[in-house]
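Participant: Got a sequence here, can you model it:
(chains A and B)
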Number of protein chains: 2
Amino acid sequence: MPRQVDYEERRRQIAEAVRLLITRSGMEAVSLRDVAAEAHVSMGAVQRCFRTKDEMLLFALEDISRRVGDRAKARIEASDAPRSAATLLDRTLSALALVDPEDRAEAQVWGAFVAHAAVSDQLAAVLRETYGKLHDLLVWLIGYGQDTGELTPTADPATEARTLLALTEGLTAQVLVGHLTPESAQEALRRYGRGLLTRG
Amino acid sequence: MPRQVDYEERRRQIAEAVRLLITRSGMEAVSLRDVAAEAHVSMGAVQRCFRTKDEMLLFALEDISRRVGDRAKARIEASDAPRSAATLLDRTLSALALVDPEDRAEAQVWGAFVAHAAVSDQLAAVLRETYGKLHDLLVWLIGYGQDTGELTPTADPATEARTLLALTEGLTAQVLVGHLTPESAQEALRRYGRGLLTRG
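Facilitator: Residues are numbered from 1 along each chain as shown, chains lettered A, B, ... in the order given. Alright, predicted model coming up:
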């Protein structure tokens, strides 16, 4: 079914154009006309892929969530001690925080979506689902570390996961505006993580 | 000098219109035309107050920063034990986090500015200055609590201030999209604060 393949490819190409426009000029730069120009397709082609602007943004956000998830997995698999819970937690948090310079574009797009979600119920629903999954992943990682004896048994996994997720979100924003350096944000994350270890 | 007074009043009125538009439809709704309509002034009047859109946003952001600072002060003064460092810290964090339902509009505007700052050097500079001041306030509060013996002497004030500020920022965003309830965000802040007390 080549038509179907073309359609998905076209949608990804448009999502990529949305990301580039947000990175360059912010969410308010995302007009149908500019997206079409950036993706080198006609306005009609954009409209055949997405019925509304919100639907287009939604697809771009799901695409970003997937990429962040894939990168977290890749970083975990590339680590020296993949079975250590402390290492898994450290790599996951560092992937989620988007504070490395190469993550800047994604941090920017993520921030634009979070801000826009305040006025779009559809986007807010996708973000809530993503946060929910990340929360569950962190709860699982903390529980695993408690099972292996690496993490302190007194920590409540759900509470810690909530705090860690908020911390990564806040650090991302503060690196983005230049209040923190990527290094000091990573250090703040590591320091919090060390507090969870049985041997600090 | 009535003209000067009118000018400042007009600028505040326009900043208020910018806030309302962002709260209702997001940063991309802030066009010169819509701001003029919302503020019930002519487009010429907006242009006499602000030379560029960025200058207008900058003024609205400074206005928001001032309001958040004023509210933090008011909450501290309204507290039962204003001299207790633990109370001061608790009230300050709760004012900064903008997680109460009545703070929703400001949380929304703040998030929109943080996202937009990624593509505006001028806005980023104002945000960095604001974060810098808030960081200094938290460092001072933690040092004060260490002097009174309420907070643990082993905590490094600068590191703790950095973590607390990122945490409030992240919690604000997650309440805004509905991942956390205001109550669970307040609880996460309190729990972190309790970890700093000499008697938990």
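Participant: those strands in chain A, which residues are they?
Facilitator: Ranges of strands in chain A, per DSSP state E: none exist.
Participant: What residue spans form the domains of it?
Facilitator: As assigned by automatic domain parsing, chain A contains the domains A:1-51, A:53-196.
Participant: Does the shortest one reach chain B?
Facilitator: Yes: with CB under 8 Å from any CB of the partner chain as the measure, domain A:1-51 is seen reaching chain B through A:23-28, A:30. Just so you know, the C-beta spots here come from the backbone N, C-alpha and C atoms, and that holds for glycine as well.
Participant: now, which of the residues you listed lie within helices?
Facilitator: A:23-25 (DSSP state H).
Participant: Switch the residues you listed over to a markdown table; also include distance to B:Thr163.
Facilitator: Formatted as a markdown table, those follow (distance: CB to CB, whole Å):
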| residue | distance to B:Thr163 |
| --- | --- |
| A:Thr23 | 28 |
| A:Arg24 | 32 |
| A:Ser25 | 32 |
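Participant: can I get the domains of chain A in a markdown table with mean neighbour count and mean pLDDT?
Facilitator: As requested, the domains of chain A are exported to a markdown table (neighbours: other CB atoms under 10 Å in any protein chain shown; pLDDT from 0 to 100):
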| stretch | mean neighbour count | mean pLDDT |
| --- | --- | --- |
| domain A:1-51 | 16 | 87 |
| domain A:53-196 | 19 | 88 |
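Participant: so what's A:Leu89 up against?
Facilitator: Contact analysis of A:Leu89 by CB atoms under 8 Å, 6 or more residues apart in numbering or on different chains lists A:138, A:141-142, A:145, A:151, A:193, A:196.
Participant: and it, how far is that from A:His40?
Facilitator: Distance of A:Leu89 to A:His40, given as CB to CB, to the nearest Å: 42 Å.
Participant: of the contacts of A:Leu89, list those near chain B.
Facilitator: Applying CB under 8 Å from any CB to the contacts of A:Leu89, none is adjacent to chain B.
Participant: In helices, which of those residues fall?
Facilitator: Reading helices off the contacts of A:Leu89 with DSSP H, I get A:138, A:141-142, A:145, A:193, A:196.
Participant: Just give me the closest of the residues you listed to A:Arg75.
Facilitator: Proximity of these to A:Arg75 (CB to CB) peaks at A:Leu141, which lies at 13.2 Å.
Participant: residues contacting A:Pro101?
Facilitator: Residues counted as contacts of A:Pro101 (CB under 8 Å, 6+ apart) are A:Pro182.
Participant: rerun that using 10 Å as the cut-off
Facilitator: A:Pro101 makes contacts with A:107, A:175, A:182, as judged by CB atoms under 10 Å, 6 or more residues apart in numbering or on different chains.
Participant: Without its sequence neighbours, what residue ends up closest to the second one?
Facilitator: Closest residue in space to A:Val175, ignoring its immediate chain neighbours: A:Val99 at 4.5 Å, by CB to CB, 6 or more residues apart in numbering or on different chains.
Participant: what's the distance between the one you found and chain B?
Facilitator: Separation of A:Val99 from chain B (CB to the nearest CB, to the nearest Å): 10 Å.
Participant: Same check on A:Thr163?
Facilitator: In terms of CB to the nearest CB, A:Thr163 sits 5 Å off from chain B.
Participant: Please apply the same query to A:Ser42.
Facilitator: If you go by CB to the nearest CB, the gap between A:Ser42 and chain B works out to 23 Å.
Participant: Could you pull out the helices in chain A for me?
Facilitator: A:2-25, A:32-38, A:43-49, A:53-77, A:85-97, A:104-117, A:121-147, A:157-176, A:182-196.
Participant: With B:Asp70 as the reference, name the closest of those.
Facilitator: Ranking these by proximity to B:Asp70 (CB to CB) places helix A:157-176 first, at 22.5 Å.
Participant: mind exporting that closest one as CSV, just the C-alpha atoms?
Facilitator: C-alpha atoms of helix A:157-176 as CSV (Å, rounded to 0.1, in the frame of the first residue of the first chain):
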residue,chain,number,x,y,z
PRO,A,157,8.4,5.3,45.1
ALA,A,158,5.4,7.3,44.0
THR,A,159,6.4,10.4,46.0
GLU,A,160,10.0,10.2,44.8
ALA,A,161,8.9,9.7,41.2
ARG,A,162,6.7,12.8,41.4
THR,A,163,9.5,14.9,42.8
LEU,A,164,12.1,13.6,40.3
LEU,A,165,9.8,14.2,37.3
ALA,A,166,9.0,17.8,38.5
LEU,A,167,12.7,18.4,39.1
THR,A,168,13.7,17.3,35.6
GLU,A,169,10.9,19.4,34.1
GLY,A,170,12.0,22.5,36.1
LEU,A,171,15.7,22.0,35.3
THR,A,172,14.9,21.7,31.6
ALA,A,173,13.1,25.1,31.7
GLN,A,174,15.9,26.8,33.6
VAL,A,175,18.7,25.5,31.3
LEU,A,176,16.6,26.7,28.4
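Participant: Compute the inter-axis angle for that helix and helix A:104-117.
Facilitator: Put simply, helix A:157-176 runs at 110 degrees to helix A:104-117, going by axes from the mean of the first three to the mean of the last three CA atoms, to 10 degrees.
Participant: from the chain's centre, how far out does helix A:157-176 sit?
Facilitator: 12 Å (CA atoms, centre = their mean, to the nearest Å).
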